[in-house]
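# What follows is a predicted protein model with its sequence.
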Amino acid sequence: MSPISPEADPADPKAPRALLRRLFEAAVAAAQPALCLPPHLPPPGRGRTVVIGAGKASAAMARALEDHWAGPLEGLVVTRYGYEVPCRRIEIVQAAHPVPDAAGQRAAERMLALVQGLTADDLVIALVSGGGSALLAAPAPGLTLADEQALNRALLASGATIGEMNCVRRHLSAIKGGRLGAACHPARLLTLLISDVPGDDPVDIASGPTVADPSTCADALAILARYRIEVPEAARALLTSGAGESVKPGDPRLAGASVRMVATPQMALEAAAAVAREAGFAAHILGDSLEGEARDLGLAMAGIARQVVRHGQPFAAPCVLLSGGETTVTLKGRGRGGRNVEFLLALGLALDGLPGVHAMAGDTDGVDGAEEVAGAILTPSTLRRAWALGIRPRASLDDNDGHGFFGALGDAVVTGPTLTNVNDFRAILIERAPTPTPADAA
């Protein structure tokens, strides 16, 4: 099948914009709880079945569980504002993300109370997905909600990786780092996870509220020092004294606990790859856990795309390069941020309008950074169109204003709540055959 034309009709499902959107939609669809959660449900226990959970996908997970559960059921799940899904037996509450609020704190307190007094005959099913760390706001003793809010803002702006941020959060919380799971003892505990973190480590998904944590207070202190993040004296005292230690592997309270991964970034990328192949493009997954500064990754990916176009290496065009993971943005400007749009803007500057190369990047939860925008689409004409509007792409990148940049061009991708979250999705579509070099001509 021949590659598509750069001037193809946008309504054509094989045109670059349309195909990129279809790839993204396939990735999101593959991680929908209604599809991926039911096969992992256990048989009912002899006693009560209590459902707890937190995350952007948790309400949809609760609905999928209800639809496939015949026995008695009760519980409480907290999700992001706007991500509520009606349930009959499980209460759904909403709270703020990425900076926690009082609603999240009340939900965390209620959840801890709900699992008190359970017996060995009871079953607790924890529904955990990305975003749960902010949604379960339970400051450690001596700290306030305002302290936790300030810490989250500082971590988000620091450039720390998601693993580093969650390490700090686990040691300054009354519910993360296995504490919620320990509170369920002696009930049987099953945690069902939708991963939004590089490597799919359960301890990093929503800061691991129901799983053991091997990291330490010393690790958290080192991260704070590395990124020069100031914390209240009470927080530093918790860490230096060791009083903030999380629940460790081997803790008897988690001896009967089990974990099942129901959706991952890799699954989403494979679904997108299948759609690309159906459209006649070779699909190459470069990794499901790419990290680092968003603009640095954009520069590296541009180098790979140029090599494909110029030399047919490491892949021949037409092809699609797919990747996932979670990059970071060290905020230095006054823009609206967003790691996916920052990646795209850096990619576009490095490609400099290279013909035949289109790209899309977006967060599978529909929210890139703090904006109700999933991401954006980059085309060979992006820079030219920006300059025609008097927008300076380099200045936008320096100001961390990717959302403002792509929004002004009409290239933002807005999905609304997707009800799932398997991290960032990136696709670079290369439609042209390699251009012969002078050496080739010789």
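All right, it came through fine.
# quick check: domain ranges of the protein?
Here the domain assignment for the chain is 16-29+266-434, 33-263, based on automatic domain parsing.
# can you list those in JSON lines and add mean pLDDT and mean neighbour count?
Every C-beta, even on glycine, is put in place using the N, C-alpha and C of the backbone. As requested, these are exported to JSON lines (pLDDT from 0 to 100; neighbours: other C-beta atoms under 10 Å):
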{"stretch": "domain 16-29+266-434", "mean pLDDT": "95", "mean neighbour count": "21"}
{"stretch": "domain 33-263", "mean pLDDT": "96", "mean neighbour count": "21"}
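# Which parts of the stretch 1-150 of the chain are helices?
16-30, 33-36, 58-67, 102-114, 132-135, 145-158 (DSSP state H, counting those that start in this stretch).
# Export these to TSV and append columns for distance to Gly256.
Listed next are these as TSV, based on distance: least, C-beta to C-beta, whole Å:
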stretch	distance to Gly256
helix 16-30	31
helix 33-36	24
helix 58-67	20
helix 102-114	19
helix 132-135	22
helix 145-158	30
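# Can you say which of those helices is nearest to Thr49?
helix 58-67 (9.5 Å; C-beta to C-beta).
# For Val85, see how far away the residue nearest to Thr161 when sequence neighbours are not counted is.
The shortest distance from Thr161 to any non-neighbouring residue, by C-beta to C-beta, 6 or more residues apart in numbering, is to Glu291 (5.6 Å). According to C-beta to C-beta, to the nearest Å, Glu291 and Val85 sit 31 Å apart.
# same check, this time on Ala206
18 Å.
# Check Thr191 too.
20 Å.
# do Thr210 as well
21 Å.
# try Ala257
Separation of Ala257 from Val85 (C-beta to C-beta): 26 Å.
# Please apply the same query to Val329.
Distance from Val329 to Val85, by C-beta to C-beta: 30 Å.
# what's the residue nearest to Thr161 in contact with, if anything?
Contact analysis of Glu291 by C-beta atoms under 8 Å, 6 or more residues apart in numbering lists Thr161, Ile162, Pro198, Gly325, Glu326, Thr327, Thr328.
# let's see 7 Å
By C-beta atoms under 7 Å, 6 or more residues apart in numbering, the contact set of Glu291 is Thr161, Pro198, Gly325, Glu326, Thr327.
# any chance of those residues in CSV, plus secondary structure and distance to Ile285?
As requested, these are exported to CSV (DSSP: H, G, I helix; E, B strand; the rest coil; distance: C-beta to C-beta, whole Å):
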residue, secondary structure, distance to Ile285
Thr161, coil, 21
Pro198, helix, 14
Gly325, strand, 11
Glu326, coil, 16
Thr327, coil, 17
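# Columns distance to Met261 on top of those, output as CSV?
Shown next, in CSV, are these (distance: C-beta to C-beta, whole Å):
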residue, distance to Met261
Thr161, 20
Pro198, 14
Gly325, 16
Glu326, 17
Thr327, 22
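# Among those, which one lies nearest to Val99?
Lowest distance from Val99 to the contacts of Glu291 (C-beta to C-beta) belongs to Glu326, with 17.6 Å.
# Would you agree that closest one is in contact with Glu164?
No - the pair Glu326 and Glu164 does not pass the contact test of C-beta atoms under 7 Å, sitting 11.4 Å apart.
# can you map out the strands along the protein?
Along the chain, the stretches classed as strands by DSSP state E are 49-54, 74-80, 90-95, 123-129, 188-194, 258-263, 282-290, 319-325, 357-363, 375-378, 412-413, 424-430.
# For the fifth one, enumerate the helices and strands it packs against.
With contacts taken as 3 or more C-beta pairs under 7 Å, 6 or more residues apart in numbering; DSSP states H and E, strand 188-194 sits against strand 123-129, strand 258-263.
# Start and end of stretch 282-296, how far apart?
25 Å (C-alpha to C-alpha, to the nearest Å).
# can you give me how far that stretch is from the chain middle?
Chain-centre distance of stretch 282-296: 14 Å, with C-alpha atoms, centre = their mean, to the nearest Å.
# cool, stretch 354-373 as well?
Its chain's C-alpha centre and that of stretch 354-373 lie 13 Å apart, by C-alpha atoms, centre = their mean.
# Quick one: end-to-end length of that stretch, please.
26 Å.
# so the residue nearest to Pro42 when sequence neighbours are not counted bridges to which residues?
Nearest residue to Pro42 in three dimensions, chain neighbours excluded: Leu190, at 5.8 Å (C-beta to C-beta, 6+ apart). In this entry, Leu190 is beta-bridged to Ile125, Ser258, by DSSP bridges.
# residue contacts, Leu190?
Listed by C-beta under 7 Å, 6+ apart, the contact set of Leu190 reads Pro42, Ile125, Ser258, Arg260.
# repeat that for 6 Å
Pro42, Ile125, Ser258 (C-beta atoms under 6 Å, 6 or more residues apart in numbering).
# what do you get for Leu331?
Leu331 neighbours (C-beta under 6 Å, 6+ apart): Ala157, Asn400.
# That one and Thr264: what is the separation?
Taking C-beta to C-beta, one finds Leu331 at 29 Å from Thr264.
# Same question for Val28.
Distance from Val28 to Thr264, counting by C-beta to C-beta: 13 Å.
# Next, work out how far apart Val320 and Ala274 are.
The value you get for Val320 to Ala274, if C-beta to C-beta is used, is 11 Å.
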